[in-house]
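Peer 1: sequence unknown, structure follows:
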């Protein structure tokens, strides 16, 4: 039933797309399970995700792709019963990416969702693992992980549908918004906040985790919005309808 509901949500969003996206300097690698030590000074670990020794995040510059092309219907392969294989390995992988302790990462649905989509290429108007845009990714994450089925399709509409909060109030499951069209301060990009200034989003370089303090994102940050009740980020089932501005 869970997969059927996500399939229905995806059918509703396939016709529209995120207004724009922001590229990153490097594209996240595809996910395969391996643990290797690199002679170049980097550490390669679960799913070929590499962390450089200098700890740099992606450095990004924005672009706008106005071309829409048809894509397949979205799908999310949730593990039976919400149980994740190699749960400890996923905790380790994302603890490094989020600069957090392993014990802090206890939302199994979120870990499973991120692992499934991480590295998916960007596609304007896309809703599948063949390619997805920022607002479709945010919509699917909020629906699949938190049960929020009331979000609209575009990043600007999503911003208007949330209760706006300050940056120092951010918690897991909140939405962060950016402008990526030069000096025009209009919402054109969206991500989902995790912790420690980290957020996950569909960048032009693919689905990845970035840092709000990164020069590009810090400069282009517009604001944050909340649609979850307190405690819902920890797996509560109750969902609040968006309240608007």
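Peer 2: Great, that's in hand. The structure presented is a predicted model; accordingly, all values stated were derived computationally and were not measured. Numbering: from 1, shown residues only.
Peer 1: for residue 99, helix, strand, or coil?
Peer 2: The three-state label given to residue 99 by DSSP: H, G, I helix; E, B strand; the rest coil is coil.
Peer 1: low-confidence ranges, the chain, go.
Peer 2: Scanning the chain for pLDDT under 70 picks out the ranges 1-86, 230-245.
Peer 1: for the closest residue to residue 175 other than its chain neighbours, give me phi and psi.
Peer 2: Distances taken as Cβ to Cβ, 6 or more residues apart in numbering put residue 225 closest to residue 175, at 4.6 Å, once the chain neighbours are dropped. Placement of C-beta: from N, CA and C, glycine included. The phi and psi torsions at residue 225 (degrees, to the nearest 10) take the values phi -140, psi 150.
Peer 1: now residue 220, nearest residue through space, not along the chain?
Peer 2: In space, residue 220 comes closest to residue 178 once its chain neighbours are excluded; the distance is 4.5 Å by Cβ to Cβ, 6+ apart.
Peer 1: contacts only, for that neighbour.
Peer 2: Under the criterion of Cβ atoms under 8 Å, 6 or more residues apart in numbering, the contact partners of residue 178 comprise 22, 187-191, 217, 220-222.
Peer 1: just name the closest of those to residue 162, please.
Peer 2: Ranked by distance to residue 162 (Cβ to Cβ), the contacts of residue 178 are led by residue 190 at 9.8 Å.
Peer 1: pull out the buried positions in the helix or strand hosting that closest one.
Peer 2: Element membership for residue 190 (DSSP states H and E) is strand 189-195. Under the neighbour-count criterion of 16 or more other Cβ atoms under 10 Å, strand 189-195 has 189-194 buried.
Peer 1: now those as a markdown table including distance to residue 106?
Peer 2: Written out in a markdown table, the entries for the buried residues of strand 189-195 read as follows (distance: Cβ to Cβ, whole Å):
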| residue | distance to residue 106 |
| --- | --- |
| 189 | 28 |
| 190 | 25 |
| 191 | 21 |
| 192 | 17 |
| 193 | 16 |
| 194 | 13 |
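Peer 1: can you give me the helices for this structure?
Peer 2: 2-13, 87-97, 108-117, 134-146, 155-160, 215-220 (DSSP state H).
Peer 1: quick one: the strands in the protein?
Peer 2: Remark: strands of the chain, listed N- to C-terminal, are 36-37, 43-45, 49-51, 127-128, 131-132, 163-165, 175-178, 189-195, 198-203, 206-211, 221-226; assignment by DSSP state E.
Peer 1: for residue 117, find the nearest of those.
Peer 2: Ranked by Cβ to Cβ, the member of these that lies closest to residue 117 is strand 206-211, at 4.9 Å.
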